[in-house]
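Asks: coordinates for the following, if possible.
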Amino acid sequence: MGWQMKRPSLTTWILIALVAGIAFGAAFPAPAVKMGLLGTIFLRLIKSIIAPLLFGTLVSGIAGTGNVKTMGRIGGKAILYFEIVTTVALFVGLGAVNLVRPGEGVQLQKGAAPGVAQTSASVEQIVEHTFPTSIIDSMAKGEVLQIVVFSFLFGTACASIGSKARSVVGFCESLSQVMFQYTNYVMLAAPLGVFGAMAATVGDKGIKVLANLAKLVGTLYAAQAFFVIVVLGLVTVIARIPVRRFIAHVKEPFLIAYSTASSEAALPRALENMELFGVPKHIVSFVLPLGYSFNLDGSTLYLALAAMFVAQAAGVHVPFTTQLVMMLTLMLTSKGVAGVPRASLVILAGTLATFNLPIEGIAVILGVDTLMDMCRTSVNLLGNCLATAVVGRWEGYRYHTESAIQTETLDAVDILVEPEV
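Replies: Take a look at the predicted model:
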């Protein structure tokens, strides 16, 4: 067989488009500004994903766990851990972006209605606005929080009536799968969108905008490193997880997640390795997949950072109270879309629309999103593996410190792990 040239991946095409867009914008500023139409079309397609994807993933995810009572003790502990750690991740992201301020100087257009919608609203108005009067109206207007609230209640209602809701839950599962495939098709247009957006940005703002993007990527990697070393490191100390053994078992799935930018690709090996690490099978098979919907440490940190980057780039002052509301929005909307490359862009688009920030900021970020996606996805995977170990520890199991555990003993859980006395 003759040598065959490997087909360039979508990531490769995006990077090529990024370089081409920068070069075109620098060489031909006036025509380059008109190329922004390509970026605008791509962003409109991204916005069309938000409502059906959120509804389908949230309803099927919540209903799929079954009745809250049947989730039992393990599910309750897992959800408690997830919410604590993702909240800390959001604060780390907000702290990093407010400290470094990578968006300052980009000067994005604020659009027809500049500013943050919630800035002048009272707490009562914000709370009232969270609850929908019509889900159709909420979807049409892109009211992300209202869609989330409706979906949570709808999913809980489906779970509570059991088999009678099977057809509805099945429809929502199918809808989420269709929307993930729809997202894949939309992402095929990403190179054109990146080319147009970067050409228009460089043509309008000049080559200096690249310094802001480099600053954004650097801030994200530094914040993620801080989160892994300090926050997750502290968790391993408190839960008494043997760190060296944990690293040895999580290293391979971590690298798979980083190189593919998809935590789904790393799931089979993560399940296998966490059992080898010593977490009982019934905990691994429940907590790890659940974490893929509810424990997105890397993505939530990124979303907080990216949303504030766009606000800074648009010159919009976001008060701390509004940042907290934004955090709550991100915490809710980030559930259920793990594992799909660049799914966080869809969540970011919805959040920017909710807070009346220019969605054009996504077009600027998209050029370097591949580098950030690899980082946030691998941290998501690492956080979920640690979550399974912590929940197992809470259930009274202690892990051996020896590095060698035979695969043949996987079925004998009492050999792998010993209940705490």
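
Asks: what about residue 104, which SS state?
Replies: coil (DSSP: H, G, I helix; E, B strand; the rest coil).

Asks: nearest residue to residue 281 in space, please, no chain neighbours.
Replies: residue 275 (5.6 Å; Cβ to Cβ, 6 or more residues apart in numbering). Bear in mind the C-beta positions are built from the backbone N, C-alpha and C, glycine included.

Asks: burial measure for that neighbour, as a count.
Replies: Residue 275 sits with 23 neighbouring residues when counted by other Cβ atoms under 10 Å.

Asks: and whichever strand or helix holds it, what's buried?
Replies: Assigned by DSSP states H and E, residue 275 falls within helix 263-277. By 16 or more other Cβ atoms under 10 Å, the buried positions in helix 263-277 come out as 263, 265-267, 269-277.

Asks: for the stretch 101-250 of the chain, what spans make up the helices?
Replies: Counting by DSSP state H, counting those that start in this stretch, the stretch 101-250 of the chain has helices at residues 123-130, 135-141, 144-161, 166-187, 190-205, 209-226, 233-238, 243-260.

Asks: helices or strands up against the fourth one?
Replies: It stands for helix 166-187. Judged by 3 or more Cβ pairs under 8 Å, 6 or more residues apart in numbering; DSSP states H and E, helix 166-187 is in contact with helix 36-64, helix 144-161.

Asks: just after the first one, pick out the following helix or strand.
Replies: Once the chain leaves helix 36-64, the next helix or strand it forms, by DSSP H and E, is helix 68-100.

Asks: got the buried residues for that next one?
Replies: Neighbour counts over helix 68-100 (16+ other Cβ under 10 Å) mark 71, 74-75, 77-79, 81-82, 85-86, 88-94, 96-97, 100 as buried.

Asks: excluding residues flanking it in the chain, which one is nearest residue 213?
Replies: Spatial nearest neighbour of residue 213, excluding adjacent residues (Cβ to Cβ, 6+ apart): residue 368 at 5.0 Å.

Asks: below-threshold pLDDT in the stretch 301-421 of the chain: ranges please.
Replies: Along the stretch 301-421 of the chain, the parts satisfying pLDDT under 70 run over 334-343, 400-421.

Asks: residue 398 - that's part of a strand, no?
Replies: Yes - counting by three-state DSSP, residue 398 is part of a strand.

Asks: you'd agree the residue nearest to residue 281 is up against residue 282?
Replies: No - using Cβ atoms under 8 Å as the test, residue 275 is too far from residue 282 to be in contact (10.3 Å).

Asks: now do the shared contacts for those two.
Replies: Both residue 275 and residue 282 lack any common contact, where contact means Cβ atoms under 8 Å, 6 or more residues apart in numbering.

Asks: between the buried residues of helix 263-277, which sits nearest residue 322?
Replies: residue 263 (30.3 Å; Cβ to Cβ).

Asks: just checking, that closest one touches residue 379?
Replies: No - Residue 263 lies out of contact with residue 379 (Cβ under 8 Å); the separation is 9.6 Å.

Asks: now the residue nearest to residue 281: how far from residue 16?
Replies: With distances taken as Cβ to Cβ, to the nearest Å, residue 275 is found 41 Å from residue 16.

Asks: rewinding a little: show me what contacts the residue nearest to residue 213?
Replies: 18, 213, 216, 217.

Asks: what would the residues you listed look like in TSV with neighbour count and distance to residue 168?
Replies: TSV is the format used below for those (neighbours: other Cβ atoms under 10 Å; distance: Cβ to Cβ, whole Å):
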residue	neighbour count	distance to residue 168
18	21	42
213	21	43
216	25	41
217	16	42
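
Asks: could I get these in JSON lines, plus columns for distance to residue 311?
Replies: Shown next, in JSON lines, are these (distance: Cβ to Cβ, whole Å):
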{"residue": "18", "distance to residue 311": "23"}
{"residue": "213", "distance to residue 311": "16"}
{"residue": "216", "distance to residue 311": "13"}
{"residue": "217", "distance to residue 311": "18"}
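
Asks: out of those residues, which is nearest to residue 242?
Replies: Distances from residue 242 to these, taken by Cβ to Cβ, are shortest for residue 217, at 33.0 Å.

Asks: could you report the neighbour count for the closest residue to residue 168 other than its chain neighbours?
Replies: Excluding the flanking residues, the one nearest residue 168 by Cβ to Cβ, 6+ apart is residue 158, at 5.8 Å. Look at residue 158: counted by other Cβ under 10 Å, it has 20 neighbours.

Asks: dump the residue contacts of the closest residue to residue 88 other than its chain neighbours.
Replies: Closest residue to residue 88 apart from its sequence neighbours, by Cβ to Cβ, 6+ apart: residue 231 at 5.5 Å. Neighbouring residues of residue 231 by Cβ under 8 Å, 6+ apart: 85, 88, 89, 92.

Asks: and the residues you listed, which is closest to residue 251?
Replies: Once Cβ to Cβ is applied, the member of the contacts of residue 231 that ends up nearest residue 251 is residue 85, at 20.6 Å.

Asks: disregarding residues adjacent in the polypeptide, which is nearest to the closest one?
Replies: Nearest one to residue 85, counting by Cβ to Cβ, 6+ apart, is residue 297 at 5.9 Å.

Asks: picking up where we left off before, and of the helices of the stretch 101-250 of the chain, who's closest to residue 322?
Replies: Judging the helices of the stretch 101-250 of the chain by Cβ to Cβ, what sits closest to residue 322 is helix 123-130, at 8.9 Å.
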